[in-house]
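K.L.:
just a sequence and a predicted model for now, questions to come.
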Amino acid sequence: MKVAYLAESIEKDKDGVTRVLYKLNELNSSKGIETLFVTAVPVEQEDFNCYQTKSIPIPGYDGYRFSVSKVKYLTKVVEEFNADLIHIHVPFSLGRAGSMIARNLGIPCISTYHTHFVTYLKYHNAQILEQVLNAHIKAIYNGCDLNLIPSENVKKDLEKIGVENMKVLPHGVDSKVFSHKFYTPELKDQYDGKTIFLYVGRLVWEKNLKQMAKVFNALYSERNDFELLIVGTGPAEEGLKQLIPQAKFLGFKKGIELSKIYASADIFVFPSDTETFGNVTIEAMSSGLPCLVANGGGSGDIVRQNIDGFKFKADSFKEFYDYSNHLLDFPEIRKDFRENAIIRSENFSWDSVHSTMIDYYKQEIEDKKIRTNRLINTYNPKKFYFFKSIRNKNRISF
């Protein structure tokens with residue numbers, strides 16, 4: 001089997017999407033599945049087969065680029081690779097190109113819905129664009145044969161705007177990388193044994209960071225038995241440092257260093273309700289952290305209220321604040337949540353997720369062959385020239 005993945009960036013550890021793509025590449029390789037990455041930001045690694053598209057930078061998002069290559073050129077690239085299937089991981093120009101390429105080549109197109117952009121609008125006072133964006137999302141994803149949605153919450157949102165052909169398939173977590181076994185006492189010692197709240201993620205306002213700043217400023221003004229550690233970088237970093245100066249900003253972390261930070265903290269806090277899955281939430285749970293998350297998006301699906309942690313309304317200062325105090329005041333609750341979180345994370349095995357995905361691949365490839373054969377068999381052989389002309393006419397070449 002040969003699969004062409006379309007994604008704007010595969011820069012390692014750039015975000016949750018790239019971590020998923022790296023894992024898929026690894027698992028595909030282990031099962032003999034050949035993979036081509038069509039991307040604006042490739043990597044030079046022997047185990048990655050990449051084609052770099054023409055692109056322009058995205059203002060305000062350092063390192064991200066927007067593909068502008070023409071469909072006819074990308075069609076040729078995928079055709080030369082002899083792909084059996086296209087899997088898109090981006091919703092804009094490259095995502096739209098994916099369904100067009102698939103149509104040109106007569107192969108299936110599958111998507112994974114990674115970023116719930118419509119939920120970003122409220123953080124930029126741009127709700128006026130909601131209908132336009134929803135129409136764009138519907139057009140992109142209804143052009144796919146199958147859409148894989150990482151959480152039930154997001155699937156319900158997409159159903160409301162008319163997106164079809166959806167199945168829920170969460171991402172996985174690597175329990176060898178994210179584990180409570182990486183606990184080291186040095187982190188606690190560094191902060192005088194205080195209870196450690198941990199945020200991990202890109203620093204962008206769409207992750208409800210202003211609400212987090214309000215809550216922790218209030219906590220810092222009333223008690224001194226905790227610290228908030230923030231791991232990540234992004235365009236909101238400098239603004240957030242001004243909003244919450246007492247927090248400890250550790251910058252971008254990865255590998256064993258990140259694993260140790262996760263496992264050595266006490267509470268994972270994630271106020272974002274814009275995630276489609278919440279990779280960092282399941283990483284935290286696998287590392288043995290009770291979770292304090294917004295009840296929305298993927299994290300709202302993963303965390304079970306009063307079992308693995310607490311879920312608060314994203315716009316509720318009071319719920320966020322009260323649950324934070326409760327976790328500080330009752331360490332025995334944190335202990336129960338910690339044990340339950342580890343057990344919960346075991347349901348998100350990458351091997352299981354990947355096996356299900358490959359089954360979907362095989363089914364879509366087979367279904368496409370059946371539909372194509374039926375279409376060909378409906379045409380009178382005397383009219384084959386007409387059929388061939390129509391097919392070539394429909395080939396998208398801009």
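P.N.:
Here it is on my side, so go on. Residues are numbered from 1 along each chain as shown.
K.L.:
residues in contact with the closest residue in space to V118 that isn't next to it in sequence?
P.N.:
Setting aside the residues directly before and after it, V118 is nearest to L133 in space (C-beta to C-beta, 6 or more residues apart in numbering), at 5.2 Å. C-beta: built from backbone N, CA, C; applies to glycine. Contacts for L133 (C-beta atoms under 8 Å, 6 or more residues apart in numbering) come out as F117, V118, L121.
K.L.:
same list, the residues you listed, but as CSV with pLDDT please.
P.N.:
Formatted as CSV, the contacts of L133 follow (pLDDT from 0 to 100):
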residue, pLDDT
F117, 82
V118, 87
L121, 86
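K.L.:
so which of these wins on neighbours?
P.N.:
Highest neighbour count within the contacts of L133, by other C-beta atoms under 10 Å: V118, with 20 neighbours.
K.L.:
which residues touch that one?
P.N.:
E130, L133, N134, I137, D157.
K.L.:
what stretches of this protein score poorly on pLDDT?
P.N.:
374-398 (pLDDT under 70).
K.L.:
break down the stretch 1-150 of the chain into its helices, ranges please.
P.N.:
Here the stretch 1-150 of the chain has its helices, by DSSP state H, counting those that start in this stretch, at 16-30, 71-81, 93-105, 130-141.
K.L.:
just checking, F37 touches N49?
P.N.:
Yes: at 6.6 Å, F37 counts as touching N49 under the criterion of C-beta atoms under 8 Å.
K.L.:
more neighbours: which of those two?
P.N.:
Neighbour comparison, F37 and N49: the larger count goes to F37, with 23 against 16 (by other C-beta under 10 Å).
K.L.:
what's the distance between the more buried one and F81?
P.N.:
From F37 across to F81, the span is 10 Å (C-beta to C-beta, to the nearest Å).
K.L.:
sorry, back to before: winner for burial among the helices of the stretch 1-150 of the chain?
P.N.:
helix 93-105 (a mean of 22; mean count of other C-beta atoms under 10 Å).
K.L.:
can you list contacts of it?
P.N.:
Residues contacting helix 93-105 (C-beta under 8 Å, 6+ apart): 4, 6-8, 38-40, 53, 66-69, 71, 74-75, 78-79, 83, 85-86, 88-89, 108-109, 111, 139-140, 143-145, 394-396.
K.L.:
ditto for stretch 151-166
P.N.:
So stretch 151-166 is in contact with 113, 116, 118, 134, 137-138, 141-142, 144-149, 168, 170, 276-278, 296-298, 300-302, going by C-beta under 8 Å, 6+ apart.
K.L.:
and A236, which of the helices of the stretch 1-150 of the chain is closest to it?
P.N.:
Across those, A236 has its closest neighbour in helix 16-30 (16.8 Å, C-beta to C-beta).
K.L.:
return the distance of that closest one from the chain's centre.
P.N.:
Chain-centre distance of helix 16-30: 12 Å, with C-alpha atoms, centre = their mean, to the nearest Å.
K.L.:
so what does it touch, helix or strand wise?
P.N.:
For helix 16-30, the elements it packs on are strand 2-9, strand 34-41, helix 279-286, helix 350-377, judged by 3 or more C-beta pairs under 8 Å, 6 or more residues apart in numbering; DSSP states H and E.
K.L.:
highest average neighbour count across those?
P.N.:
Of all the helices and strands packed on helix 16-30, helix 279-286 carries the top mean neighbour count, a mean of 28, counting by mean count of other C-beta under 10 Å.
K.L.:
partners of the helix or strand that comes right after that one, with directions?
P.N.:
For helix 279-286, the following helix or strand on the C-terminal side (DSSP states H and E) is strand 291-294. With DSSP bridges as the test, strand 291-294 is paired with strand 267-270 (parallel), strand 309-312 (parallel).
K.L.:
quick one: contacts of the helix or strand just after the last one?
P.N.:
Looking back up the chat, that one is strand 309-312. Per DSSP H and E, the first helix or strand lying C-terminal to strand 309-312 is helix 317-329. With C-beta under 8 Å, 6+ apart as the test, helix 317-329 has contacts from 195, 197, 211-212, 214-216, 218-219, 223, 225-226, 267, 269, 271, 290, 292, 310, 312-313, 333-334.
K.L.:
and helix 317-329, how far from the chain's centre?
P.N.:
On C-alpha atoms, centre = their mean, the centre of helix 317-329 falls 27 Å from that of its chain.
K.L.:
equivalent analysis for stretch 152-166, please.
P.N.:
Chain-centre distance of stretch 152-166: 16 Å, with C-alpha atoms, centre = their mean.
K.L.:
return the set of buried residues in it.
P.N.:
By neighbour count on 16 or more other C-beta atoms under 10 Å, the buried set for stretch 152-166 is N153, V154, K155, D157, L158, V163, M166.
K.L.:
tell me which of the residues you listed fall in helices.
P.N.:
N153, V154, K155, D157, L158 (DSSP state H).
K.L.:
for F226, give me phi and psi.
P.N.:
As for F226, its main-chain torsions (degrees, to the nearest 10) stand at phi -150, psi 170.
K.L.:
what is the neighbour count of the closest residue to it other than its chain neighbours?
P.N.:
Computed as C-beta to C-beta, 6+ apart, the closest residue to F226 that is not its neighbour in sequence is T195, at 4.4 Å. By the criterion of other C-beta under 10 Å, T195 has 18 neighbours.
K.L.:
can you tell me how far T195 sits from D315?
P.N.:
In terms of C-beta to C-beta, T195 sits 25 Å off from D315.
K.L.:
what do you get for E186?
P.N.:
Distance of E186 to D315, computed by C-beta to C-beta: 37 Å.
K.L.:
which of these two has more neighbours?
P.N.:
D315 (13 against 8).
K.L.:
list the contacts for the residue nearest to Q127 when sequence neighbours are not counted?
P.N.:
Distances taken as C-beta to C-beta, 6+ apart put L121 closest to Q127, at 5.1 Å, once the chain neighbours are dropped. By C-beta under 8 Å, 6+ apart, the contact list for L121 reads Q127, L129, E130, L133.
K.L.:
measure G251 to D273 for me?
P.N.:
Distance of G251 to D273, computed by C-beta to C-beta: 25 Å.
K.L.:
these two: which is more packed in?
P.N.:
D273 (26 against 9).
K.L.:
okay but that one is in contact with G298, surely?
P.N.:
No: using C-beta under 8 Å, D273 is not in contact with G298, being 9.6 Å away.
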